[in-house]
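S.K.: Structure, please.
(one chain, ligands or ions: 2)
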Amino acid sequence: MGKWVKGDLHVHTQNCNDGTLSVDEIIRRSKEYIDFIGISGHSYDIPDCFEGQYAEVLAAREKYPELPIFHTAEQNFPLQRHTMFVTVPENKEFALQRELVQNFHRQSGHEGQEEACCELRYVKEGWGEESTFMIYNHPNDPDVPIEDFRVIAKENDVFKVIACVDRGERRAKQTWEIGEEWDKLLCEGYRLYARNGSDFHQHFTDGGHDYFPGEFVQDCVYVEENNYEEILRAYRNGRFYCTVGNCIENPVFTIKKEESGNYRVHLSLTANVEMEQIDLIADGKCVCSFNDIPRDFSYDGVFSVSKYFRVRGWGKGVNRKYREGQYTPQFLLNPIFVSDCEV
Ligand SMILES: [Zn+2]
Ligand SMILES: [Zn+2]
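M.R.: Ligands and ions are numbered 1, 2, ... in the order given. Now for the predicted structure:
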């Protein structure tokens, strides 16, 4: 019997030139929101960032044994702009970050699609495709061309995740809008997934403008046990969904092939805030929308599709905790592929 655990993989510490708190302080103040965390250095802060960060990560693992703490880094990828590679502690986690910065840092002249593919091959050979994955952070800053995504998705199976909501309530149209880059790549058969991240640097209460990890955005990951291997595998296989403001929980999203060759979709979830709209998306198009969703939502429908289904939704505005105005609660469920469906 599995369970949903929450976390955030995009978090900066005092070891970064624009971060403010220690790993311990961040965990202490965000523990109520998260079950796991990833600590992200900045590759342009080398060499101090990684060593300082890693020492703090190791100490925090001793202090919080129940909380998986990934050591990762925001790299200046050969393609504009920021990516992160995540692996488990036993898999040369420190060397992964250090070597990628030494060998593929864009600011050191490693630029372009060929260098990006070279980096992905390097990771595959040195760390294993199954034991690591790459996240493309804020793909809307600047907009990443579809050709760039395609070339790295095609190279091997290391690139798995593209960000949606990031720092400052910034939402990437590439993963949010229907029929944009993410849908195009899914239609082409690439198995890519969407996540949210706080990109925490400095909290509102300390004079900054960031939420603590898990306080505003959440990745909800399905695992048997809350450990590094399970979390990594769930990210690699898309067994997670992402939310803003914890707006939904316990989604059940399944498909079944009917004798007609069509697919029966089942979707149910619990909305924690008043939801304005939920879209069921298939093969890059919206096939069904629901409005004014009650707390417990359940739907069954039959569709003829050839590739995949996914779901997105958003709610009515909710007052911000630390600032004036309202934010939009929203969520994305990762795709399920018809080719995985038993006949
Ligand atoms: Zn960034
Ligand atoms: Zn960042």
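S.K.: all contacts plus neighbour counts: C-alpha atoms, from now on.
M.R.: Noted.
S.K.: hang on, isn't F303 packed against G261?
M.R.: No: in terms of C-alpha atoms under 8 Å, F303 does not count as a neighbour of G261; the distance is 9.3 Å.
S.K.: who's more crowded, these two?
M.R.: For the pair F303 and G261, the greater number of neighbours falls to F303 (16 against 13), based on other C-alpha atoms under 10 Å.
S.K.: looking at the sheet around that one, what are its partners?
M.R.: Following DSSP bridges, F303 is listed with bridge partners Y263.
S.K.: again, but for the one 5 residues further on
M.R.: For Y308, the beta-bridge partners under DSSP bridges are F337.
S.K.: tell me the pLDDT at it?
M.R.: Here the pLDDT value assigned to Y308 is 98.
S.K.: so who does it touch?
M.R.: Applying C-alpha atoms under 8 Å, 6 or more residues apart in numbering to Y308 gives the contacts L186, C187, A282, D283, P335, I336, F337, V338.
S.K.: Near the third one, how many residues? Count them for me, please.
M.R.: Applying other C-alpha under 10 Å, we find 26 other residues in the vicinity of A282.
S.K.: State the distance from the nearest residue to it once chain neighbours are set aside to L9.
M.R.: Nearest residue to A282, sequence neighbours excluded (C-alpha to C-alpha, 6 or more residues apart in numbering): F309, at 4.3 Å. Using C-alpha to C-alpha, to the nearest Å, one obtains 25 Å as the distance from F309 to L9.
S.K.: Now do the helices in the protein.
M.R.: 23-30, 48-63, 93-104, 113-127, 146-155, 173-176, 181-187, 228-237 (DSSP state H).
S.K.: and of these, who's closest to A73?
M.R.: Taking C-alpha to C-alpha, helix 93-104 is the member of these nearest to A73, at 6.2 Å.
S.K.: I'd like the distance from that closest one to the chain centre, please.
M.R.: 21 Å (C-alpha atoms, centre = their mean, to the nearest Å).
S.K.: tell me the angle of that helix relative to helix 48-63?
M.R.: For helix 93-104 against helix 48-63, the angle by axes from the mean of the first three to the mean of the last three C-alpha atoms, to 10 degrees is 160 degrees.
S.K.: Helix 93-104 packs against which elements?
M.R.: Judged by 3 or more C-alpha pairs under 8 Å, 6 or more residues apart in numbering; DSSP states H and E, helix 93-104 is in contact with helix 48-63, strand 69-76, strand 82-87, helix 113-127.
S.K.: Ok, which of those comes nearest F290?
M.R.: strand 82-87 (34.5 Å).
S.K.: May I have the strands that pair with the closest one, each with its orientation?
M.R.: Checking strand 82-87 against DSSP bridges gives partners strand 69-76 (antiparallel), strand 132-136 (antiparallel).
S.K.: Where does pLDDT dip in this protein?
M.R.: 45-48, 342-343 (pLDDT under 70).
S.K.: How is it divided into domains?
M.R.: Listed by automatic domain parsing, the domain ranges of the chain are 3-244, 248-340.
S.K.: Ranking those domains by mean neighbour count, which comes first?
M.R.: Among the domains of the chain, ranked by average contacts under mean count of other C-alpha atoms under 10 Å, first place goes to domain 3-244 (a mean of 20).
S.K.: how far does it stretch from start to finish?
M.R.: In domain 3-244, first residue to last residue: 19 Å (C-alpha to C-alpha).
S.K.: same deal with stretch 158-168?
M.R.: 28 Å.
S.K.: cool, and stretch 214-231?
M.R.: For stretch 214-231, the first-to-last residue distance is 16 Å (C-alpha to C-alpha).
S.K.: go on, stretch 307-320?
M.R.: Using C-alpha to C-alpha, one end of stretch 307-320 lies 38 Å from the other.
S.K.: Turn the helices of the chain into a markdown table, including distance to T13.
M.R.: Conversion of these to a markdown table gives the following (distance: least, C-alpha to C-alpha, whole Å):
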| stretch | distance to T13 |
| --- | --- |
| helix 23-30 | 6 |
| helix 48-63 | 8 |
| helix 93-104 | 16 |
| helix 113-127 | 25 |
| helix 146-155 | 29 |
| helix 173-176 | 27 |
| helix 181-187 | 30 |
| helix 228-237 | 21 |
